[in-house]
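J.: compute the structure for the input listed below.
(one chain, ligands or ions: 2)
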Amino acid sequence: MKQLTIIKIGGNVIDNSANLHQFLLDFTALPGDKILVHGGGKIATELGESLGVEAKMIEGRRVTDIETLRIVTMVYAGLINKNMVAQLQAKGSNAIGLTGADGNIIKAKKRPVKEIDYGFVGDLDEHSVSATTLDSLLKAGLVPVLCAITHDGDTQLLNTNADTIASSVAVAMSALYETRLVYCFEKKGVLKDVNDDDSVVREIKTDEFEGLKADGTVQGGMIPKLHNAFEAIKKGVSAVYIGKADELNELAEGTFGTKMNP
Ligand SMILES: Nc1ncnc2c1ncn2[C@@H]1O[C@H](COP(=O)(O)OP(=O)(O)O)[C@@H](O)[C@H]1O
Ligand SMILES: CC(=O)N[C@@H](CCC(=O)OP(=O)(O)O)C(=O)O
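T.: Numbers count the residues shown, from 1 in each chain. Ligands and ions are numbered 1, 2, ... in the order given. Prediction:
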């Protein structure tokens with residue numbers, strides 16, 4: 001089976017032009033087939049504030065009313081995605097930037113309203129990602145760059161967490177490729193002490209996750225990230241890592257960040 005690397009890059013790294021430049025160089029240097037998934041939550045929050053639209057996050061998910069949907073579409077599908085594609089092109093990656101609506105690559109379902117109305121937030125299931133369309137892009141020598149905007153197939157764009165997109169794309173692609181999934185952010189991995197960058201936990205097993213949540217080791221955005229990471233492992237992705245964007249070159253040496261194990 002051919003190998004595929006799926007990398008997700010978070011908003012804190014995208015917001016720092018020097019870190020982003022180095023990350024995109026390292027990404028370009030990675031051998032083999034690749035897909036990049038990006039967030040950009042921090043930049044959407046900042047633009048929203050400057051336009052008088054306050055961000056509302058619940059358990060790491062953005063409540064997305066119609067004004068917020070307009071902002072995240074402009075920021076994720078436009079500003080960030082197109083700048084990232086232009087930078088990758090300059091570095092020698094033949095990148096193609098896409099939302100989930102393009103080529104019907106990711107069809108989501110609007111999250112049903114229960115206790116909370118998340119608005120235009122899209123949830124994914126096992127039928128959401130078109131692995132064959134992504135495969136045809138890879139076979140054409142392209143590097144898909146996916147943003148956090150999906151669609152429902154009935155004209156509605158939706159906002160989907162980028163960690164979830166990366167996990168679902170990795171699961172779908174693992175039917176066709178031996179797939180590894182790498183979450184890149186601004187810390188060296190999952191930390192035992194979130195304030196000590198040298199306290200990286202090298203390996204986490206599925207059954208250790210609940211304990212790390214319960215004792216407060218992992219908090220905030222790290223909880224959905226780990227949940228998505230373990231979902232990927234459970235559903236056939238061959239390796240999942242979480243680590244620092246500017247240490248991507250350590251992947252080959254096997255010393256990169258935290259590795260999730262079954
Ligand atoms: N144990 C932990 N190790 C590392 N980061 C943690 C931990 N617990 C909580 N975090 C927080 O999780 C954040 C990453 O989640 P998030 O902001 O959603 O990432 P991203 O920028 O990739 O979307 C980190 O910035 C950090 O503040
Ligand atoms: C529904 C939902 O929460 N969507 C996310 C999508 C962007 C994202 O995931 O960005 P980061 O990876 O930089 O956090 C949001 O709007 O914040």
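
J.: which residue packs closest to the residue of the chain found nearest ligand 2, ignoring adjacent ones?
T.: Residue of the chain nearest ligand 2, by Cβ to the nearest ligand atom: Gly39 (2.0 Å). Bear in mind the C-beta positions are built from the backbone N, C-alpha and C, glycine included. Leaving aside its sequence neighbours, Gly39 sits nearest to Ala162 (Cβ to Cβ, 6 or more residues apart in numbering; 3.6 Å).

J.: also Asp117?
T.: Val63 (7.6 Å).

J.: and the one you found, how far from ligand 1?
T.: Separation of Val63 from ligand 1 (Cβ to the nearest ligand atom, to the nearest Å) stands at 16 Å.

J.: quick one: residues contacting that residue.
T.: Contact analysis of Val63 by Cβ atoms under 8 Å, 6 or more residues apart in numbering lists 56-57, 116-119, 121.

J.: cutoff 6 Å now
T.: 56, 118-119 (Cβ atoms under 6 Å, 6 or more residues apart in numbering).

J.: in the chain, which residue sits furthest out from the middle?
T.: Within the chain, the residue lying farthest from the chain centre (Cα atoms, centre = their mean) is Gly52, at 26.9 Å.

J.: tell me which element that residue falls in.
T.: Using DSSP states H and E, Gly52 sits within no helix or strand.

J.: so what does it have for phi and psi?
T.: phi 80, psi 20 (degrees, to the nearest 10).

J.: so which residues of the stretch 151-262 of the chain form strands?
T.: Ranges of strands within the stretch 151-262 of the chain are 157-159, 178-185, 203-205, 239-244, 258-261, based on DSSP state E, counting those that start in this stretch.

J.: mind checking these for the one nearest to Glu250?
T.: Closest to Glu250 of those, according to Cβ to Cβ: strand 239-244, at 7.5 Å.

J.: the closest one pairs with which strands, parallel or anti?
T.: Applying DSSP bridges, strand 239-244 is found paired with strand 178-185 (parallel), strand 258-261 (antiparallel).

J.: in the longest one, what's buried?
T.: Right, the one you point to is strand 178-185. Applying a neighbour-count criterion of 16 or more other Cβ atoms under 10 Å, one finds 179-185 buried in strand 178-185.

J.: which ones are touching the closest residue in space to Asn228 that isn't next to it in sequence?
T.: Excluding its sequence neighbours, the residue lying closest to Asn228 (Cβ to Cβ, 6+ apart) is Ser167, at 3.9 Å. Counting by Cβ under 6 Å, 6+ apart, Ser167 touches 228, 231-232.
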